[in-house]
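Q: Generate coordinates for the sequence data below:
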Amino acid sequence: MRFAGELTLDFCEIETKDASREDVERAARTEPRDEETWYMTLTRSEDEWMDATLHGPAIFGVRCGEGGGSVLECTGLDARQLEAAFVSFYEGNHAWKTLCEWKPRREEKGSSLRKLFS
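A: Predicted coordinates:
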């Protein structure tokens, strides 16, 4: 059952509004993949999204915004896991959370002005 609402798929600079499950599956399966330019983002709302980048010949890193500013990340997914994660997110279920070990994204700490003057 698909989550109610419009999802937008942004795949290698091609945006598809109100994307279908088939659009998501097709994007996840598209080859060849260039490590420099390949990416895939599925957006439900401003703070609910999933995106992926290529980290090797067939290894993906995925990030997911769960709402409320919470962002999880996972690395080392293969193409099968990538497709399963995006389809699960598309469907609005949480099966994607079982595909790998998700960790909270680390916030980069900004430099303090105090350090500049000490």
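Q: CA atoms for contacts and neighbours, from now on please.
A: Fine.
Q: what about the helices in the protein?
A: 21-29, 79-91, 113-116 (DSSP state H).
Q: closest one to Leu7 among the ones you listed?
A: Closest to Leu7 of the helices of the chain, according to CA to CA: helix 79-91, at 7.6 Å.
Q: Quick check: buried residues in the closest one?
A: 81-90 (16 or more other CA atoms under 10 Å).
Q: for stretch 39-47, same thing?
A: Neighbour-count burial for stretch 39-47 flags 39-44 (criterion: 16+ other CA under 10 Å).
Q: Give me the contacts around that stretch.
A: Identification of contacts with stretch 39-47 by CA atoms under 8 Å, 6 or more residues apart in numbering yields 5-12, 27-28, 49-54, 65-69, 86, 90.
Q: Now Tyr39. Nearest residue, chain neighbours left out?
A: Thr53 (4.7 Å; CA to CA, 6 or more residues apart in numbering).
Q: swap that for Glu73, sorry
A: Arg63 is the one closest to Glu73 (CA to CA, 6+ apart), at 4.3 Å.
Q: Looks like the one you found contacts Leu72 (just checking).
A: Yes: taking contacts as CA atoms under 8 Å, Arg63 lies within contact range of Leu72: 5.6 Å.
Q: Closest to the centroid, which residue in the protein?
A: The C-alpha lying nearest the average C-alpha coordinate of the chain belongs to Asp51 (CA atoms, centre = their mean; 1.9 Å).
Q: average pLDDT across stretch 15-27?
A: Averaged across stretch 15-27, pLDDT comes to 96.
Q: And that stretch, what's buried?
A: Per 16+ other CA under 10 Å, stretch 15-27 contains these buried residues: 19-21, 24, 27.
Q: Please state the offset of it from the chain centre?
A: 14 Å (CA atoms, centre = their mean, to the nearest Å).
Q: ok, Glu35 - contacts?
A: By CA under 8 Å, 6+ apart, the neighbours of Glu35 are 53-57.
Q: what does Glu6 give?
A: By CA under 8 Å, 6+ apart, the neighbours of Glu6 are 17-19, 44.
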